[in-house]
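Enquirer: what would the 3D arrangement of this be:
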Amino acid sequence: MFRLFHAKILGPKLHRLKPITFQIMLPPFPECCSLLFEISPRSLSISSYRCDPLLSSLLLTLKSSSSVSCCRVIHARVVKSLDYRDGFIGDQLVSCYLNKRSIPDAQKLFGEMPHKDFVSWNSLVSGFSKRGDLCNCLSVFSTIRSEMALELNELTMISVISACASAKARDEGCYLHCCAVKLGMGLEVKVVNALINMYGKFGCVDSAFKLFWAMPEQNMVSWNSMVAVWTQNGIPNEAVNYFNMMRVNGLFPDEATMVSLLQACENLHLGRLVEAMHGVIFTCGLNENITVATTLLNLYSKLGKLSVSHKVFAEISKPDKVTLTAMLAGYAMHGRGKEAVEFFERSVREGVEPDHVTFTHLLSACSHSGLVREGKYYFLIMSEVYKVQTQLDHYSCMVDLLGRCGLVNDAHQLIKNMPLEPNSGVWGALLGACRVHRNIDIGKEAAENLIALNPSDPRNYIMLSNIYSAAGMWNDASKVRALMKTKVFTRNPGYSFIEHGNKIHLFVVDDYSHPDSDKIHKKLEEIMRRIQEVGFVSETEPILHDVDVEVKTYMINKHSEKIALAFGLLDCNADKPLVIIKNLRICRDCHNTAKFVSLIEKRTIIIRDSKRFHHFSDGLCSCGDYW
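Expert: Model (predicted):
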């Protein structure tokens, strides 16, 4: 309940009254537990309400309100004192309702406004666009075109185009492009920029390209949009080219430019290029920009340069929650569990409020470092202390954590008792634990659930077959392999690459395309012979072909990461870590190979697979032989 206190105004004595204080006692909303308005009797005049202190106070309160109920309270106050149906205050109330996703209230209020101008209609379209409500957005757009005596302007068009882009509604987007041309907006810079962004999200890079070069003059947003288009569609080289052209045209990059460009660098994996971009960031004074710095430290972490990420983080004067979470994700990805726990505790002491993403990375870090006690503790206090609702990702991390330490039955029991329906991430974590610890019964259950959830993923069949093979259950393994032959799988081919001499050297399985292939394969044969002399034994379980062991050994010795490793040992500086990037998960045989090579060559080897980093040194891996 709430109460409205107001003065009783007597008409004949109106000019004698002093300013009166009005107080509204609202429900316990944090943004407006009490609201004080001071107005004079004269301010009740409708003709002068636009300069009214009451109006100013209401507008400020609307901007800070965080609930539909509070918006309705303010609406009620407006009804009592102002003509909410006409002009600016009505538009603001409609926008407030839309921001709170109360569409019926917004539509009802908008329908009651007798005098709606362009601002009113644009506010309504913009509100629907920001909420991602394409249906209502197009409905209002059609109403303006067909029923209202108003001409569409570029603001209306931009809002509807943005809604189509967010919804990836290609047909509707093409229709709006035609409308823009017919209405004479085909060369309006802001409209064209919106269309470029829209076509980029559709994956229509050719259309975006043509629009960009047909513009009479491109502004900063135009160049940024094209950099983003190339990045979003996996063409990072063109993103860098457009950045260079932008610089030639005398434009300095801003936050949007650098964020898109750094995301492009993530796909190029060129450390030298990232270092050059880092220099540009300093030159343009963007090193203190929190968004750019967060993107940069995240990129360095993904390139295997966690120490540089930490330096970037240390240079940020006031890191926010996103930055802290990105740094925590870096520790987790590199298997630095203890550092992650210390970092989390320090951040909490400094006033950071963790969310569900923060705890996902924290639990992942505990999992990859075998910190069972710490993982159980944070899983417990996550909801009890920090009021963070437990989600599937958190359960997946806990199943992985328990499974790594051999507590497969406990992990299985956790899945049985969880209030949510387990997804492929949860069952996959359990299946991985069963493979390592050779738990046939639970592994079979996990694999069956995984295959039911995603029957087109060949990894589930391979892992189940490996579990049967490891237990000597050859008939069951053969049945799984026979089942695989009846399926038509689409799987990305595996490849590994390494940076050297400002170039990316990419290798696939049994690759002889490199100019130095003879030297590389000779080096590979040498290191395989040397590690076998000190006890290395090939693991051929992943090879499901019905061939002799010698053939299987030959096939697994030609995996792409082994070829990349041999190349790195030949050409890369021995004083620096040898960093290899792989698009798929590393197999157990290649993992063991890297361990032995790090021992006999006295080299630090870092391999990033599709899930995480493996740091090999002195015959050991940071993952503890479980991934």
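
Enquirer: pull out the buried residues from stretch 210-217.
Expert: By neighbour count on 16 or more other CB atoms under 10 Å, the buried set for stretch 210-217 is Leu211, Phe212, Met215. Yep, even glycine has a C-beta here, placed from its N, CA and C like the rest.

Enquirer: okay, these in CSV with distance to Thr390 and secondary structure next?
Expert: Listed next are those as CSV, based on distance: CB to CB, whole Å; DSSP: H, G, I helix; E, B strand; the rest coil:
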residue, distance to Thr390, secondary structure
Leu211, 46, helix
Phe212, 46, helix
Met215, 50, coil
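
Enquirer: in the longest helix seen in the chain, what counts as buried?
Expert: Taking DSSP state H as the criterion, the chain has its longest helix at helix 517-533. With burial defined by 16+ other CB under 10 Å, the residues of helix 517-533 counted as buried are Ile520, His521, Lys523, Leu524, Ile527, Met528, Ile531.

Enquirer: can I get the residues you listed in CSV including distance to Phe567 and pLDDT?
Expert: CSV is the format used below for these (distance: CB to CB, whole Å; pLDDT from 0 to 100):
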residue, distance to Phe567, pLDDT
Ile520, 5, 95
His521, 10, 94
Lys523, 8, 95
Leu524, 9, 94
Ile527, 11, 94
Met528, 14, 94
Ile531, 17, 94
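
Enquirer: what about the residue lying closest to Asp618 once chain neighbours are set aside, helix or strand, and which?
Expert: Computed as CB to CB, 6 or more residues apart in numbering, the closest residue to Asp618 that is not its neighbour in sequence is Leu599, at 6.0 Å. Counting by DSSP states H and E, the element that carries Leu599 is helix 588-600.

Enquirer: ok, Ile581 next?
Expert: Of the helices and strands defined by DSSP H and E, Ile581 is found in strand 578-582.

Enquirer: quick check: Ile498 touching Ala566?
Expert: No. Look at Ile498 against Ala566 with CB atoms under 8 Å: they stay out of range, at 10.2 Å.

Enquirer: so which residues of the protein form strands?
Expert: Residue ranges of the strands in the chain, as given by DSSP state E, are 3-4, 20-25, 34-39, 495-500, 503-508, 578-582, 605-608, 613-617, 620-621.

Enquirer: partner strands of the fifth one and their direction?
Expert: Just to be clear, that refers to strand 503-508. Applying DSSP bridges, strand 503-508 is found paired with strand 495-500 (antiparallel).

Enquirer: might you report the residue contacts of Ala411?
Expert: Going by CB atoms under 8 Å, 6 or more residues apart in numbering, Ala411 touches Met398, Val399, Asp400, Leu402, Gly403, Ala429, Leu430, Ala433.

Enquirer: okay, now the closest residue to it other than its chain neighbours: neighbour count?
Expert: Leaving aside its chain neighbours, Ala411 sits nearest to Leu402 (3.9 Å; criterion: CB to CB, 6+ apart). Residues near Leu402, counting by other CB atoms under 10 Å, number 24.

Enquirer: quick one, what contacts Leu402?
Expert: So Leu402 contacts Val372, Val408, Asp410, Ala411, Leu414, Ala433 (CB under 8 Å, 6+ apart).

Enquirer: which among the residues you listed gets closest to Lys387?
Expert: Taking CB to CB as the measure, Lys387 lies nearest Leu414 of those, at 21.2 Å.

Enquirer: got a pLDDT number for Gly568?
Expert: Gly568 carries a pLDDT score of 94 in this model.

Enquirer: again, but for Lys576
Expert: Lys576 carries a pLDDT value of 85.

Enquirer: Lys18 too?
Expert: Predicted confidence (pLDDT) for Lys18: 37.

Enquirer: and for the one 10 residues further on?
Expert: pLDDT for Pro28: 40.

Enquirer: ok, Lys130 next?
Expert: Turning to Lys130, the model gives it a pLDDT of 79.

Enquirer: tell me how many other residues crowd the nearest residue to Val357 once chain neighbours are set aside.
Expert: Among residues not flanking Val357 along the chain, Thr325 sits closest, at 5.5 Å (CB to CB, 6+ apart). For Thr325, the tally of surrounding residues (other CB under 10 Å) stands at 24.

Enquirer: from His356, how far off is Thr325?
Expert: As judged by CB to CB, to the nearest Å, Thr325 and His356 stand 10 Å apart.

Enquirer: please apply the same query to Glu288.
Expert: Separation of Glu288 from His356 (CB to CB): 29 Å.

Enquirer: CA atoms only for the longest helix of the chain - export them in CSV, please.
Expert: What follows is helix 517-533, C-alpha atoms only, in CSV (Å, rounded to 0.1, in the frame of the first residue of the first chain):
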residue,chain,number,x,y,z
SER,A,517,58.0,-31.0,-44.7
ASP,A,518,61.0,-33.4,-45.1
LYS,A,519,62.9,-31.7,-42.2
ILE,A,520,59.7,-31.6,-40.1
HIS,A,521,58.9,-35.3,-40.4
LYS,A,522,62.5,-36.3,-40.0
LYS,A,523,62.5,-34.3,-36.7
LEU,A,524,59.2,-35.9,-35.7
GLU,A,525,60.6,-39.4,-36.2
GLU,A,526,63.6,-38.4,-34.2
ILE,A,527,61.7,-37.2,-31.2
MET,A,528,59.3,-40.1,-31.3
ARG,A,529,62.3,-42.5,-31.2
ARG,A,530,63.9,-40.6,-28.3
ILE,A,531,60.8,-40.5,-26.1
GLN,A,532,60.3,-44.2,-26.7
GLU,A,533,63.8,-44.8,-25.4
